[in-house]
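Participant: Pasted the sequence and its predicted model underneath.
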Amino acid sequence: MSIVVVAGCSGNDSSGSAETSDAGGSTVVSAAPVSEPADTRAPDATTDTTAKAEFEPTTLTLWAGVTDPEGTVAFQGIVDRCETDNPWLTIDFVGKDDMSTALPAAIEAGNPPDLVQADFSGQLAGIDAGGLIEPIDDLFARDGLDWGAFVPGGKELVDFNGQHFGLPFSLDSAALFYNQDALTAAGIDAPPATFEELFAAAEKLLAVNADGTIERVGFVPDVGDGSYALFLTRLFGATMFSDDGATITITDNLDQWVAALQWQKQFFDLMDGDEFSRWADGLGSYDSADNFFINGQLPLYFEGSYFITWPDRFGEGKPENWGVVPMPGPDGVADADELSLIPSGNFFMIPTGVDNLDASWEALKCMALAGDEIAAFQQVYGNIPANVAALDIFEAAAVAQIPEYQTFIDLARSPAAVLPDSAVVAGALRDEVSSLILDYRRGDLSDDDLRGALEDLQARYQEELDLELGN
C-alpha cells in the first residue's frame, strides 16, 4: 500500500533507556519514567490531574511549522513554560517549512523527531493507514484528561474513525472580509448577508477599464487558483468522503455539488476569462501591503482566520474601514452554533518510532494545555486557540484590540464545526476535482457534462480506494 502525506503516525516500546539523535545529529540519553500512582480526583477540564511522572534528564526534539522570526520568538514562550514546569525536560525547537516530506522521510529513516506541531488537516486517513503518528487515546484516558479542555472543532481536528492522533493547538475559522469604504462608494450600506446580496455586490463593485482590463473584482470564491473551491461546497452540504474514509460520497449528494459549483461559476461569468486571469496574475504578495484586499482590488474576500491580523500588520492603515462577518450560505448567514467552516488547524502529535513515548506525551500535554502561553503566541500569530483556557484569555485581549476577532472566536467555539473530510486518496482526488472545477469555470466543461465528470471521478477513485483498503 502506498500512502502519500500532503500538507501544510503505532505504538513503540518505551521501556528502558534509549539513545536518540536530535535534528542536529547530537545524541542524548533518555530513560523511561518512574510513574507515581494516578490521582483519582475527577479530571479538570483544562489540566490533567494525574501525579507527575518522574523522568531522568531528557532532551526532546520538536519540529514545528512556525518558521518566521516573530512567530518563532512567540512560540518559544510555550517551550519555556514546559521546560520550567518539567525540570527534567529540554526541548530542542526546530522550525520546519517542509513538514509534509520531512516527517515521513525521518520516520522511514528511523530518526523521527520526538514531537511535531503541524497542520495535517484532512490527512488523518493517510496518517492512520501509513502508521505515521501515535494514537493518543490510551494515554489520554490513563491520565484522566477531558476533551472539554478543547473546543469541539479542536477535537474533530485530531479525530479520524474513532481514534485521536494528537492534541489540538489552533483552528482557522472562515468568514467574509469586507472593505466598507468600497461598499459605501458603490451604494451598499452593509456587508452581504445572503447569496443574492453577495452577487449583487459583486456586480456593483466590479470595475472594468475602457480597454477591457479589470481594475477591481467585487467578489470571487477564490482568486482563481481554486484554493477555497472545494471547501465552499460544504456550505451546500456537499461531502467527498464518509466519516470512516472508506467511501467516496460525491454522487450521494450530487445535486449539492452541482449547485455549489454553479453558484461559484456565476461570479467568474461576470468577467472575461482572459482578463480575469491577467488580473489574478498581477496580484501583489499575499503577506504584504500590496495584498489584494488591503489595496482594494478585492473588497469582498472569503478567508480563514489567519488573515485577521494582516490589515494591521501589513496594511499601514489600509483599508481604513474594514470588517468581517460570517460567510452567508444558501439560506443566509447560519448561526455559529449551527454551522462553522473550519478550513484547517494545527495540532501537536507524536511520530511513530520515538524512543521515549511517555516523555514525548508529557511534553505534548504541557504544550497543548499551556493556556497563557498559547494565548500570547496566537495574539502574535493570528490563529484561534483550540484550548478553551487559552481561548478565554485570547478573547479578552484580542477583541479589545481588534473587535473583528469576535466573529472568528464565535465560529471557533461552535459545536457545529465542519472540517475537511479524509480518505487515503484524498490528496489525489481533491487535486482532480479542483482541476475539474477550474475547467468548468473557464467554460471548458459544460453544465451538461459536469454531472458525468463528477460521477466518473467517483467511480475511478472508489476503485482505487478499495484497492488501498484491501476491499
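Facilitator: Sure, I can see it. Not measured: the values here are computed from a predicted model.
Participant: what are the ranges of the strands in the stretch 251-400 of the chain?
Facilitator: 300-303, 322-325, 340-341, 344-349, 384-385 (DSSP state E, counting those that start in this stretch).
Participant: and the longest one, which strands flank it?
Facilitator: Based on DSSP bridges, the pairing partners of strand 344-349 within the sheet are strand 115-118 (antiparallel), strand 167-172 (antiparallel).
Participant: Which SSE is immediately downstream of the shortest one?
Facilitator: To tie it back to what came earlier, the one meant is strand 115-118. helix 124-130 (DSSP states H and E).
Participant: Comparing the strands paired with strand 344-349, which comes out most buried?
Facilitator: Compared across the strands paired with strand 344-349, strand 167-172 shows the largest average neighbour count, a mean of 28 (mean count of other C-beta atoms under 10 Å). To be clear about C-beta, it is placed using only N, CA and C from the backbone, and glycine gets the same treatment.
Participant: mean confidence score for it?
Facilitator: Here strand 167-172 scores 97 as its mean pLDDT.
Participant: Just give me the residue right at the centre of this structure.
Facilitator: Ranked by distance to the mean C-alpha position of the chain (C-alpha atoms, centre = their mean), the top residue is residue 344 at 1.6 Å.
Participant: Grab the nearest non-local neighbour of residue 95.
Facilitator: residue 67 (3.8 Å; C-beta to C-beta, 6 or more residues apart in numbering).
Participant: for this protein, what helix or strand is lowest in average pLDDT?
Facilitator: When the helices and strands of the chain are scored by mean pLDDT, DSSP states H and E, strand 27-30 comes last with a mean of 30.
Participant: Export the strands paired with strand 344-349 to a markdown table and append columns for distance to residue 192.
Facilitator: A markdown table is the format used below for these (distance: least, C-beta to C-beta, whole Å):
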| stretch | distance to residue 192 |
| --- | --- |
| strand 115-118 | 35 |
| strand 167-172 | 22 |
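Participant: Minimum distance to residue 468: which of those has it?
Facilitator: strand 115-118 (23.1 Å; C-beta to C-beta).
Participant: What lies in contact with that closest one?
Facilitator: For strand 115-118, the external contacting residues (C-beta atoms under 8 Å, 6 or more residues apart in numbering) are 7-9, 60-66, 91, 96, 99, 103, 133, 169, 346-351, 360, 363-364, 367.
Participant: for residue 201, what are its contacts?
Facilitator: 183, 186, 188, 192, 218, 219, 300.
Participant: got a list of what the residue nearest to the fourth one when sequence neighbours are not counted touches?
Facilitator: Just to be clear, that refers to residue 192. Spatial nearest neighbour of residue 192, chain neighbours left out: residue 198 (3.9 Å); criterion: C-beta to C-beta, 6+ apart. Contacts for residue 198 were tallied using C-beta under 8 Å, 6+ apart; they are 192, 219, 300, 328.
Participant: from what I can see the last one touches residue 192, true?
Facilitator: Yes. The criterion here is C-beta atoms under 8 Å, and residue 328 meets it with residue 192 at 6.1 Å.
Participant: Now for those two: what residues contact both?
Facilitator: Joint contacts of residue 328 and residue 192 (C-beta under 8 Å, 6+ apart) are 176, 198.
Participant: what number of residues lie near residue 219?
Facilitator: Close neighbours of residue 219, defined as other C-beta atoms under 10 Å, add up to 21.
Participant: Pretty sure it sits against residue 200.
Facilitator: No. Here residue 219 does not reach residue 200: they are 10.2 Å apart, not a contact under C-beta under 8 Å.
Participant: hey, what's in contact with both of these two?
Facilitator: When C-beta under 8 Å, 6+ apart defines a contact, no residue borders residue 219 and residue 200 alike.
Participant: one step back: would you list the strands of the stretch 251-400 of the chain in a markdown table and tack on distance to residue 116?
Facilitator: Below are the strands of the stretch 251-400 of the chain laid out as a markdown table (distance: least, C-beta to C-beta, whole Å):
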| stretch | distance to residue 116 |
| --- | --- |
| strand 300-303 | 26 |
| strand 322-325 | 31 |
| strand 340-341 | 25 |
| strand 344-349 | 5 |
| strand 384-385 | 18 |
